[in-house]
Structures are given as structure tokens and as C-alpha cells.
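Novice: Okay, here's the prediction I keep looking at, along with the sequence it came from:
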Amino acid sequence: MTIKQYQAIKLATVVIIAIIFSQSIIFKSYLIPVATLIIATLGLFYLRRRVQGIIADERDYLTGGKAALLAMQIYAWGAVIGMLMLYGARDLNPSYEPIAATLAYSTCILMLLYALIFRYYNKFKLTDKKLIYSVFVLVVFLAMVVFSLRLFSGEDDWMCQNGQWIEHGHPNWPAPQAECK
């Protein structure tokens, strides 16, 4: 397979994933996008190994590393500032507090994950440990999926039934002000 064919397949895969994600959001089905991402990632890894030619060189990896570090720093600063603003405004709307907590925890997880991966790369060469690296990424990804499913499962939430907000579990916030249809 040539690099041009691989890039065309990669672009088509991105378009298909975008369509599946948008339809899944419309139909409120969140497991389908996760399965789609896993299948697409594994398929692209397989196809990448079949490419004959150089896909990227060390300059591309160096530039990618610098860009990733800068993106993480910008996200971390933005998330911290947003978290502080949302915590400050939680008296105006109680739903700001869980958003602020999500920003705070996601930033902490991102920084911890970066530190672990950085230490891993400093101690080991990726070329020697490709299988261990792949398994580690898969385990972290699956743990994040399980955690997300538990976090967003709606155990303690308000549900709309027959035009009224019904308490499901024990939510820590008052019923939504929006009209229940």
C-alpha cells in the first residue's frame, strides 16, 4: 500500500467516524462511538504496518512532540482558569460545580498521564516495548471508558416523566428550571 492510499483511507475513516458520532449523539447512544473508535484505531494500525515507504521522520516526531506539549499546556491553563471561574459562579447556578470539578479532575489526569508517559519514554525505548506500550494504552483507554460510563450513567439525576421532574437517586442539586416536555 502506498502512502497516498493510506492517507485516503485515513481521511475516509475520519469522515465515517464523524458521521457515526453525530448520529450517535442524536440517538443518545454513546457506546457505539466508543466501539467505532476502537475498531477504527485497530484498523488504521494494521493498515499503517502495510504501508511501504516512510510515513514520518524524526523531524515530524519532534515537531509533533512540541505541538502536543504546547497544546497540553494551553489546555491546562484554560481548564484551570475556567474551573476557578465556574467554582466562583456556583452560587449563580449549582450545575457549574460539577463542570468545574470535571475540568479540575480531567486536567489532573492529563498531567499525571503525561508525567507517566514521559518517564516511560525516558527509561525505555518504544521500539523495544511496542507490545507493552500498546497494552498499556488499551488498558488506560478501557479504564477511562468504564469510568466515563459510571460517571455519566445518570444514577443521581433528575428525569423528565409525564411533564414533571422526578428525582432518580439522590441528586445534589435542585430540579432543572427548564420546562419538562
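Specialist: Happy to help now that I have it. In this text the structure is predicted, and so the values were computed from the model without any measurement.
Novice: Tell me how far A71 lies from G64.
Specialist: Here A71 is placed at a distance of 10 Å from G64 (Cβ to Cβ, to the nearest Å). (C-beta placed from N, C-alpha, C; glycine too.)
Novice: let me fix that: M159
Specialist: 44 Å.
Novice: Same question for A115.
Specialist: 19 Å.
Novice: Equivalent analysis for V14, please.
Specialist: Noted for V14: a distance of 17 Å to G64, by Cβ to Cβ.
Novice: confidence score at the residue nearest the centre of the chain?
Specialist: Among the residues of the chain, the one closest to the centroid is M144, at 8.3 Å (Cα atoms, centre = their mean). Listed pLDDT for M144 reads 78.
Novice: That one is in what secondary structure piece?
Specialist: Assigned by DSSP states H and E, M144 belongs to helix 130-151.
Novice: Outside of whichever helix or strand comes after that helix itself, list whatever touches it.
Specialist: Note on helix 130-151: by DSSP H and E, the next helix or strand toward the C-terminus is strand 157-161. Contacting residues not belonging to strand 157-161 are listed as 165-169, 171, 175-176, 180-181 [Cβ atoms under 8 Å, 6 or more residues apart in numbering].
Novice: how much does the helix or strand just after strand 157-161 deviate in direction from strand 157-161?
Specialist: For strand 157-161, the following helix or strand on the C-terminal side (DSSP H and E) is strand 164-168. For strand 164-168 against strand 157-161, the angle by axes from the mean of the first three to the mean of the last three Cα atoms, to 10 degrees is 140 degrees.
Novice: In strand 164-168, which residues are buried?
Specialist: Buried positions in strand 164-168, judged by neighbour count with 16 or more other Cβ atoms under 10 Å: W165.
Novice: Likewise for stretch 42-52?
Specialist: So stretch 42-52, judged by 16+ other Cβ under 10 Å, has zero buried residues.
Novice: Could I get the CA-only coordinates of that stretch as PDB?
Specialist: C-alpha atoms of stretch 42-52 as PDB (Å, rounded to 0.1, in the frame of the first residue of the first chain):
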ATOM      1  CA  LEU A  42      -7.000  -1.000  15.300                       C
ATOM      2  CA  GLY A  43      -7.800  -1.000  11.600                       C
ATOM      3  CA  LEU A  44      -5.600   2.000  11.000                       C
ATOM      4  CA  PHE A  45      -2.700   0.500  13.000                       C
ATOM      5  CA  TYR A  46      -3.000  -2.600  10.900                       C
ATOM      6  CA  LEU A  47      -3.000  -0.600   7.600                       C
ATOM      7  CA  ARG A  48      -0.100   1.600   8.700                       C
ATOM      8  CA  ARG A  49       2.100  -1.500   9.100                       C
ATOM      9  CA  ARG A  50       1.200  -2.400   5.400                       C
ATOM     10  CA  VAL A  51       2.400   1.000   4.100                       C
ATOM     11  CA  GLN A  52       5.600   0.800   2.000                       C
END
